[in-house]
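Visitor: After the sequence you'll find the predicted model.
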Amino acid sequence: MIKLLHVEDDADIREIALMALELSGDFDVVQCETGEAALNQVQNYTPDVILLDMMMPGMTGRQTLEKMREMDSLRDVPAIFMTARAQHNEIEELRDLGAADVISKPFDPISLADQVKTAMQAG
Amino acid sequence: MSSFISNKRNAASLFFSSALAGGWYTATSALLSGQSGEFVPVVGAIVLAGITPLVMPLARSRTEAENHSMAQRLRAFDSHAIVNIVDTKGLLEEVNDRFIALTGYTREQLIGKPVSMLYDDAFKELAAEIRACLKRGDTWQGETPLRCADGRMIYTQITVMPMYDEQGNWTGSISARTDVTRANELLAERDTAETLYELRDDIWIVDAETRGFSYMNRSAMRRTGWSDKAYTAKTLDDLSDESGNDAILNACEELASSGEVITQLDTELLGKHFQVTIKMLQIGRAPGRFLIMLHDISDIIDEERMKSEFISMVSHELRSPLTSIKGSMGLLLSRAAGELPSKARALLEISHRNADRLVLIINDILDLEKIANGRLEFNLEDTDIVSLLRETGDANASLEQRFGVRIQIENLNTPIWLNTDPNRVIQVLTNLLSNAAKFSKPGDRILVRAEDDPNELRISVTDKGQGIPMAEQHKVFQRFADLSNSNRAAKGGTGLGLSVCKAIVENLGGKIGFDSREGFGTTFYFTLPKKTSQMGAKETAPLLREAS
């Protein structure tokens, strides 16, 4: 099973992503509502892949990843951003930050699991 | 422009009889003091000077001294006023020397001719008003243009009075004028100067040789903090040093060396954003002056920034709920929650399809907003268009299934390399393919062709659909163009797609168009230039671009 940490402030989107990932049967999903909560979570939990919403109240997805990258255990863990503002230059910046992929919202729940797996292999 | 003086018929009679009985001054003072109970301005009195030939014989009964004195006064007025007499038919009966000198006509060219020859067509209404006024026995006063022999117009302040014979019958009119052309020009110059001074834009006039300021209007003085005495001691170089901005100075230098007359630039100066227009004012071989106009666009930039942020925010806020809506429906349709009754599934498919459409509309609105602000990104790279067409065709295979059409791509034997933005070309092509599929009948073939030319590549998408009615073809690239047979909602169009395509193609330096015959089909095509190193992007004001 792939350990996936999903950080997303919108409860509905969290539920849809959870259902979509569980459909494949390959993921063990842990979800957090904020970047701060995710940073707490990773103190005792090391995911195989991180799925991060970009726009969140408090810490943004980018700030959250920057903090995570400071931790030895998470320095090389593939991270995938989800964003409703997927602009080309932003995508490039996120890739420079070490993002394995950037998924635009609205995303296709049916192909989400495959997209994550593909990004993990590429990363 | 004109003033109307109510006057009784006896005014002119009183004037003339006073002149005859008591001399010029009596007549004049009688009019000025309003003995008849009315007022006639002094210019009306000048009439007498203009009719010297008429008055002089009548004055023969006076003493020689009186006549001599009166003749002197009349000559003085004759040299000042421009006088003519017109009969009841509107024909010129008499003009004085001043009239001849000023207008350039000979007496022969005027006497017996209609007075209307002196006026332009626009004056006809006013002429009718004057004539009606005279018939009533009133005096008319105002300003009228007068056409000279050489065609130029002069402007005259005129008083027209009716004339009567001894029995009181109307015999015509007498007009006394003063040339006010120069006075009007001076007024206009003063108005221009005052307008420039009061203008909200900053106006500078700078000597092209010394670069010294020779004029600043109030707004410019306020902004620079220089008084009218201070700025004359300053130069453009001083302003560049003090503001740390030499863009205007450089633009002036370039303008002077280029021989061009006008240039424009955007720049930030003294804490504000300006659109600057520089015009070279030059007469002959003199060094000339720069007229520099600075229009403050700071507010426009702020508004654009706010608008852009608003659209971006709204689209983001719309995408989040759409993610949940589309995601939920997608999961239901994938049987994540088990099998659905067929009718429920059909309804869900409608909802899902329209959620997709909403996403497309939001994307198109965002693209158009970016295009309007010059913010749409173009990432040029060497691209094999042949591979790109093939991949786009494959990516749109779902159109074949959904609409029962077949997409055929032609002329793809050898690679065609272009320096362009492949993602934007795919966006345009996908849009055209989607339109073609929507307006085709099941079983139809959609043909995609690439035609290579030394200067450009032409890509076309041809369908055999219903075509676009001739009367509506001009609307095709308009936003939300409501074409009668488009049935946009049913076909899932956004109404924005072709506007976006047009903007993208033009930004890539190409052209987009179509040929259509109603009932036979449509070919949409776009061209891409072979040399795209110089993007055809329309230049948006850099400051606006930065703002957005």
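Guide: Sure thing, it's come through. Numbering: from 1, shown residues only, chains lettered A, B, ... in the order given.

Visitor: shaky segments in chain A?
Guide: Low-confidence segments of chain A (pLDDT under 70): A:86-89, A:123.

Visitor: how close does the residue nearest to the spatial centre of chain A sit to B:Val425?
Guide: Nearest residue to the geometric centre of chain A (C-alpha atoms, centre = their mean): A:Leu51, 1.0 Å. The gap separating A:Leu51 from B:Val425 is 31 Å, by C-beta to C-beta, to the nearest Å. All C-beta atoms are positioned from the backbone trio N, CA, C, and that covers glycine.

Visitor: swap in B:Glu339?
Guide: 42 Å.

Visitor: circling back to that earlier point, what about the closest residue to the residue nearest to the centre of chain A other than its chain neighbours, how many residues close to it?
Guide: Nearest residue to A:Leu51, sequence neighbours excluded (C-beta to C-beta, 6 or more residues apart in numbering or on different chains): A:His6, at 4.5 Å. Using other C-beta atoms under 10 Å in any protein chain shown, A:His6 has 24 neighbouring residues.

Visitor: Tell me who's in contact with A:His6.
Guide: Applying C-beta atoms under 8 Å, 6 or more residues apart in numbering or on different chains, we find A:His6 in contact with A:Arg14, A:Ala17, A:Leu18, A:Leu21, A:Val29, A:Val30, A:Gln31, A:Cys32, A:Leu51.

Visitor: can I assume it sits in a strand?
Guide: Yes - counting by DSSP: H, G, I helix; E, B strand; the rest coil, A:His6 is located in a strand.

Visitor: so it bridges to which residues?
Guide: A:Gln31, A:Leu51 (DSSP bridges).

Visitor: got the residues of chain A near chain B?
Guide: A:10, A:12-13, A:16-17, A:19-20, A:23, A:55, A:84-85, A:87-89, A:105-110 (C-beta under 8 Å from any C-beta of the partner chain).

Visitor: now with 6 Å?
Guide: By C-beta under 6 Å from any C-beta of the partner chain, the residues of chain A that approach chain B are A:10, A:12-13, A:16, A:19, A:23, A:84-85, A:88, A:105-106, A:109-110.

Visitor: distance of the residue nearest to A:Leu51 from B:Ala132?
Guide: Distance from A:His6 to B:Ala132, by C-beta to C-beta: 90 Å.

Visitor: One more: B:Thr277?
Guide: In terms of C-beta to C-beta, B:Thr277 sits 49 Å off from B:Ala132.

Visitor: ok, these two, which is more surrounded?
Guide: Counted by other C-beta under 10 Å, B:Thr277 and B:Ala132 do not tie: B:Thr277 has more neighbours, with 16 against 11.

Visitor: mind listing what that one touches?
Guide: B:Gln264, B:Met293 (C-beta atoms under 6 Å, 6 or more residues apart in numbering or on different chains).

Visitor: Nearest residue to B:Arg200 in space, please, no chain neighbours.
Guide: Counting by C-beta to C-beta, 6+ apart, the residue nearest B:Arg200 is B:Ser219, at 6.0 Å.

Visitor: from memory the one you found sits against B:Ile203, does it?
Guide: No - B:Ser219 lies out of contact with B:Ile203 (C-beta atoms under 6 Å); the separation is 7.5 Å.

Visitor: Write out the residues of the stretch 301-450 of chain B neighbouring chain A.
Guide: So the stretch 301-450 of chain B meets chain A at B:316, B:319-320, B:322-324, B:326-327, B:330-331, B:334, B:336, B:359, B:377 (C-beta under 6 Å from any C-beta).

Visitor: what about the residue in the stretch 51-200 of chain B that chain A sits nearest to, which SS state?
Guide: Using C-beta to the nearest C-beta, the closest approach of the stretch 51-200 of chain B to chain A is made by B:Arg200 at 36.7 Å. Secondary structure assignment for B:Arg200 (three-state DSSP): coil.

Visitor: same check, this time on the one 3 residues further on
Guide: Secondary structure for B:Ile203, judged by three-state DSSP, is strand.

Visitor: wait, what's in contact with it?
Guide: Neighbours of B:Ile203 in contact, by C-beta under 6 Å, 6+ apart: B:Leu196, B:Asn217, B:Ala220, B:Met293.

Visitor: Name the residues that touch stretch B:222-234?
Guide: B:Asp202, B:Phe213, B:Met216, B:Leu270.

Visitor: Repeat the analysis, applying 7 Å as the threshold.
Guide: Residues from elsewhere that reach stretch B:222-234 (C-beta atoms under 7 Å, 6 or more residues apart in numbering or on different chains): B:Asp202, B:Phe213, B:Ser214, B:Met216, B:Met221, B:Leu239, B:Leu270.

Visitor: residue contacts, the fourth one?
Guide: Under the criterion of C-beta under 7 Å, 6+ apart, the contact partners of B:Met216 comprise B:Trp204, B:Trp226, B:Tyr231.

Visitor: on that earlier part again, for ChimeraX, write the select line for the buried members of the residues of chain A next to chain B.
Guide: Selection of buried members from the residues of chain A next to chain B for ChimeraX, criterion 16 or more other C-beta atoms under 10 Å in any protein chain shown:
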select /A:10,13,16,19,23,84,85,105,106,109,110
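
Visitor: Reformat the residues of chain A next to chain B as TSV; add secondary structure.
Guide: Below are the residues of chain A next to chain B laid out as TSV (three-state DSSP):
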residue	secondary structure
A:Asp10	coil
A:Asp12	helix
A:Ile13	helix
A:Ile16	helix
A:Met19	helix
A:Leu23	helix
A:Ala84	coil
A:Arg85	coil
A:His88	helix
A:Lys105	coil
A:Pro106	coil
A:Pro109	helix
A:Ile110	helix
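
Visitor: Now B:Ile362: which helix or strand?
Guide: Under the criterion of DSSP states H and E, B:Ile362 resides in helix B:342-372.

Visitor: tell me which strands and helices that helix is in contact with?
Guide: Contacting helix B:342-372 under the criterion 3 or more C-beta pairs under 7 Å, 6 or more residues apart in numbering or on different chains; DSSP states H and E are the following elements: helix B:298-333, helix B:497-507.
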